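> Provided below for reference: sequence and predicted model.
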Amino acid sequence: MIAHSIFFYTFSLIAIVSAIMVTASKNTVHSVFFLILDFISISCLFIMIGAEFLGMIMLIVYVGAVAVLFLFVVMMLNVAQQKNQWFSSKESSKHIPFGLIISTLIFVEILIVIGGWKYKPEIFDINNSANLNSVSNTHSLGKILYTDYIHVFQISGMILLVAMIGAIVLTFRQRAGVKKQSYIKQISRERVDGVEVLEVESNKGVKIDD
Amino acid sequence: MEYFSIIFQEVYKILFLLVPVLVSVAMIVWLDRRVWAFVQKRQGPNVVGPFGLLQSLADALKYIFKEMIIPSTSNKVIFILAPIVTMTLALIAWAVIPFGATQVLADINVGILYLFAVSSLGVYGIIMGGWASNSKYPFLGAIRSAAQMVSYEVSIGVIIINVLLCVGSLNLNDIVIAQKDLWFVIPLFPMFVIFFISALAETNRPPFDLPEAEAELVAGYQTEYSGMMYAMFWLGEYANILLMCAMGAILFLGGWLSPLDIFPFTLIPSAVWLILKILLLFFLFALVKATVPRYRYDQLMRLGWKIFLPFSLIWVVLTASYLFYFNLLPVN
């Protein structure tokens, strides 16, 4: 039990410190690396409470895909200067009220959720979560997702699909005058299409149409 | 004291796994160069030790005694962290590989997800190395490689879903045991081919070695590295290749199962079968390296997104409908 709590406090300390460092570090790329460290330690916490499936999905989706794209954007656009401007100038005081409002909102939300657990502890064990020990994590998640919450699950999938198509449509632009390579055209090209043998009369030459 | 004895036992087990992996990584480099040389009618490394077997050890010794140069404009912490990350990630994945019904370091429920997660983290070593070098070639190489690895991971993930549909469990040992009667390479052969090619791209092997395309990018993300740090990148890369081969062997070639469950085959221990299958896949890797020319970058992206991804997605639908129609879904 002692080892368990040692690990728990280590991971949560790393998570909190790296979350602070995400906003505090001057270098934007460092911020992203701290964000990745945060994700990893949170997925470790997930695994520690026995939610191994969630922990692994967290690693795969957030660290393996989302954070890579984050890193891409931060490295390509030079946002480092912008961030420094925001923090050094007097402009930054403009953002304080918004930050306060958002953080109060999140705080109230967390209070409501945790208060709900305290107020009605039976919320925890609705559905068939009683036999958690006999069934593996993945099975029980699948059983709930694909039976009780199938509509919500499908709708969230549709929303993601629509968001993806929207993003593609927004960034898609057709440029004129770009040479495109057509594989079928290339492969189906025969000798006759490219080469022509002509009989050339002397002192006449050949007219090449271009 | 009891606590310490448990820790010592675990450390002993881990060393028993890691040391053979590291030695076999060194040997596999030799095998790779040797196969490559034979395809091109050369001799390859054959001087150090019998058949040149000790060539990799000689190389490692050379790397250890060379100077580690850290560029003055680089981001030093991340520059040093990058090869460590690559190497560590390549080694921790071996914890879940089953060498037998009970011979596995960590028999976790979500083994295949763990493998997938660790292999998707591998991209960070490369990005960190490329960015921290603060130089053009490494940066371009890192960006190329990151885009490449992220794209091919998607199709590998979908291929894994294909296999999982037939198994009904994320545990690697369950996946192996599900192939007792029929290896998945036979019913899912197209998926095996796509997995093999995606594994080539995922580990930056030729013909997809664009991150280090020497004609364009000097050595890609490794350009500024020298000495032991370069060697660590190199070791991590080959450990990753071995890992991908192990993944292929477990998902499609029946892992530690013997090909036939009759007398002479059952004498050989299960770990040997897994190693033989890994070696077979690695031999194919080496042959591909020796024979196929390098892809162009846009063709590589086209292959990943426009061909492999739709094809493997369609195959998921086919597999699922086949299993559903014939009532073969593994429900428990």
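Perfect, thanks for sending it.
> rest of the way, CA atoms for contacts and neighbours
Noted.
> residue ranges with poor pLDDT in chain B?
B:1, B:213-215, B:331-332 (pLDDT under 70).
> residue ranges of the helices in it, please?
B:2-39, B:55-65, B:76-92, B:111-121, B:123-132, B:136-167, B:172-177, B:189-202, B:214-217, B:227-252, B:263-266, B:270-291, B:297-302, B:309-325 (DSSP state H).
> and stretch B:309-316 with chain A, contact?
No: counting by CA under 8 Å from any CA of the partner chain, chain A is not contacted by stretch B:309-316; separation bottoms out at 15.1 Å.
> List the buried residues of that stretch.
For stretch B:309-316, a neighbour-count test (16 or more other CA atoms under 10 Å in any protein chain shown) marks B:Leu309, B:Phe311, B:Ser312, B:Leu313, B:Trp315, B:Val316 as buried.
> mean confidence score for the strand or helix carrying A:Phe46?
Counting by DSSP states H and E, the element that carries A:Phe46 is helix A:28-48. Across helix A:28-48, the average pLDDT comes to 89.
> Any chance of TSV for the helices of chain B, columns distance to A:Ala65?
Formatted as TSV, those follow (distance: least, CA to CA, whole Å):
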stretch	distance to A:Ala65
helix B:2-39	28
helix B:55-65	33
helix B:76-92	16
helix B:111-121	8
helix B:123-132	10
helix B:136-167	7
helix B:172-177	23
helix B:189-202	14
helix B:214-217	25
helix B:227-252	19
helix B:263-266	43
helix B:270-291	26
helix B:297-302	16
helix B:309-325	16
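> Point out the most buried one among these.
helix B:123-132 (a mean of 26; mean count of other CA atoms under 10 Å in any protein chain shown).
> B:Ala106 and B:Ala93, how far apart?
Between B:Ala106 and B:Ala93 the computed distance is 10 Å (CA to CA, to the nearest Å).
> Those two: who's more crowded?
For B:Ala106 versus B:Ala93, the count of surrounding residues by other CA atoms under 10 Å in any protein chain shown is larger for B:Ala93: 19 against 13.
> show me the contacts for the more buried one.
B:Tyr114, B:Leu115, B:Val118, B:Ser119, B:Leu243 (CA atoms under 8 Å, 6 or more residues apart in numbering or on different chains).
> what separates the most centrally placed residue in chain A from B:Ala146, distance-wise?
Per CA atoms, centre = their mean, the C-alpha nearest to the average position across chain A is that of A:Val66, at 2.6 Å. Plainly put, A:Val66 is 12 Å away from B:Ala146 if you go by CA to CA.
> Ok, B:Leu276 next?
31 Å.
> In three-state terms, label A:Leu69 for me.
helix (DSSP: H, G, I helix; E, B strand; the rest coil).
> ok, it - how many residues close by?
Around A:Leu69 there are 16 residues (other CA under 10 Å).
> Give me every residue in chain A that's in contact range of chain B.
Counting by CA under 8 Å from any CA, the residues of chain A near chain B are A:Glu52, A:Phe53, A:Met56, A:Ile57, A:Leu59, A:Ile60, A:Val63, A:Gly64, A:Ala65, A:Val68, A:Phe72, A:Ser136.
> Mind pulling up the pLDDT for the residue nearest to the centre of chain A?
Taking A:Val66 on its own, its pLDDT is 86.
> quick check: mean pLDDT across the strand or helix carrying A:Tyr9?
For A:Tyr9, the host element (DSSP H and E) is helix A:2-24. The predicted model assigns helix A:2-24 a mean pLDDT of 88.
> hmm, back to that, sort out for me which of the residues of chain A next to chain B are in strands.
Among those, no member falls in strands (criterion: DSSP state E).
> As JSON lines, the residues you listed with neighbour count would be great.
Shown next, in JSON lines, are the residues of chain A next to chain B (neighbours: other CA atoms under 10 Å in any protein chain shown):
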{"residue": "A:Glu52", "neighbour count": "24"}
{"residue": "A:Phe53", "neighbour count": "23"}
{"residue": "A:Met56", "neighbour count": "26"}
{"residue": "A:Ile57", "neighbour count": "17"}
{"residue": "A:Leu59", "neighbour count": "27"}
{"residue": "A:Ile60", "neighbour count": "21"}
{"residue": "A:Val63", "neighbour count": "25"}
{"residue": "A:Gly64", "neighbour count": "25"}
{"residue": "A:Ala65", "neighbour count": "18"}
{"residue": "A:Val68", "neighbour count": "24"}
{"residue": "A:Phe72", "neighbour count": "16"}
{"residue": "A:Ser136", "neighbour count": "17"}
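> and the two most separated of the residues you listed?
The distance between the two most remote of the residues of chain A next to chain B (CA to CA) is 36.2 Å, for A:Phe72 and A:Ser136.
> helices and strands around the helix holding A:Phe46, which ones?
Judged by 3 or more CA pairs under 8 Å, 6 or more residues apart in numbering or on different chains; DSSP states H and E, the packing partners of helix A:28-48 are helix A:2-24, helix A:52-58, helix A:67-76, helix A:79-88.
> Report the angle between that helix and helix B:123-132.
With axes from the mean of the first three to the mean of the last three CA atoms, to 10 degrees defining the directions, helix A:28-48 sits at 160 degrees from helix B:123-132.
> residues making contact with helix A:28-48?
A:8, A:11-12, A:14-16, A:18-19, A:21-25, A:52-56, A:58-59, A:62-63, A:67, A:70-71, A:74-75, A:79-80, A:83.
> contacting residues around B:Val29?
Going by CA under 8 Å, 6+ apart, B:Val29 touches B:Ser56, B:Tyr238.
> at 7 Å instead, please
B:Ser56 (CA atoms under 7 Å, 6 or more residues apart in numbering or on different chains).
> And it, how close does it get to B:Thr266?
Distance, B:Val29 to B:Thr266, using CA to CA: 30 Å.
> Low-confidence stretches in chain A?
In chain A (pLDDT under 70), the answer is A:78-92, A:121-134, A:209-210.
> longest helix in it, by residue count?
helix A:92-119.
> Distance from that one to the middle of the chain?
Put simply, helix A:92-119 sits 23 Å off its chain's centre (CA atoms, centre = their mean, to the nearest Å).
> Give me the contact list for the helix or strand following it.
Using DSSP H and E, the helix or strand that follows helix A:92-119 towards the C-terminus is helix A:137-145. By CA under 7 Å, 6+ apart, the surrounding residues in contact with helix A:137-145 are A:Ala51, A:Phe53, A:Phe153.
> got a list of what the second one touches?
Yep, that's A:Phe53 we're talking about. So A:Phe53 contacts A:Asn137, A:Thr138, B:Val110 (CA under 7 Å, 6+ apart).
> What about those residues, which one has the most neighbours?
Going by other CA under 10 Å, B:Val110 tops the contacts of A:Phe53 with 20 neighbours.
> Roughly how far does that residue sit from B:Leu251?
14 Å.
> what's the answer for B:Gln43, then?
34 Å.
> B:Leu140 now?
From B:Leu140 to B:Leu251 the distance is 34 Å (CA to CA).
> likewise B:Val77?
38 Å.
> for A:Asn203, same thing?
A:Asn203 is 72 Å from B:Leu251, by CA to CA.
> Same question for B:Ile160.
8 Å.
> what does B:Cys245 give?
For B:Cys245 relative to B:Leu251 (CA to CA), the value is 10 Å.
> For those two, list the residues in contact with both.
Common neighbours of B:Cys245 and B:Leu251 (CA under 7 Å, 6+ apart) do not exist.
> circling back to that earlier point, what is the nearest of the contacts of B:Ala93 to B:Val21?
Looking at the contacts of B:Ala93 and their distance to B:Val21, the nearest is B:Leu243, at 9.8 Å (CA to CA).
> Could I get the contacting residues of the closest one?
B:Leu243 neighbours (CA under 7 Å, 6+ apart): none.
> circling back to that earlier point, Serialize the contacts of helix A:137-145 to CSV and add fields for distance to B:Pro330.
Output for these, formatted as CSV (distance: CA to CA, whole Å):
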residue, distance to B:Pro330
A:Ala51, 23
A:Phe53, 19
A:Phe153, 22
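> ok, of these, which one's closest to chain B?
A:Phe53 (6.5 Å; CA to the nearest CA).
> contacting residues for B:Leu279?
Contacts of B:Leu279 (CA under 7 Å, 6+ apart): none.
> Show me chain A divided up by domain.
Using automatic domain parsing, the domain parsing of chain A gives A:1-89, A:93-124, A:135-171.
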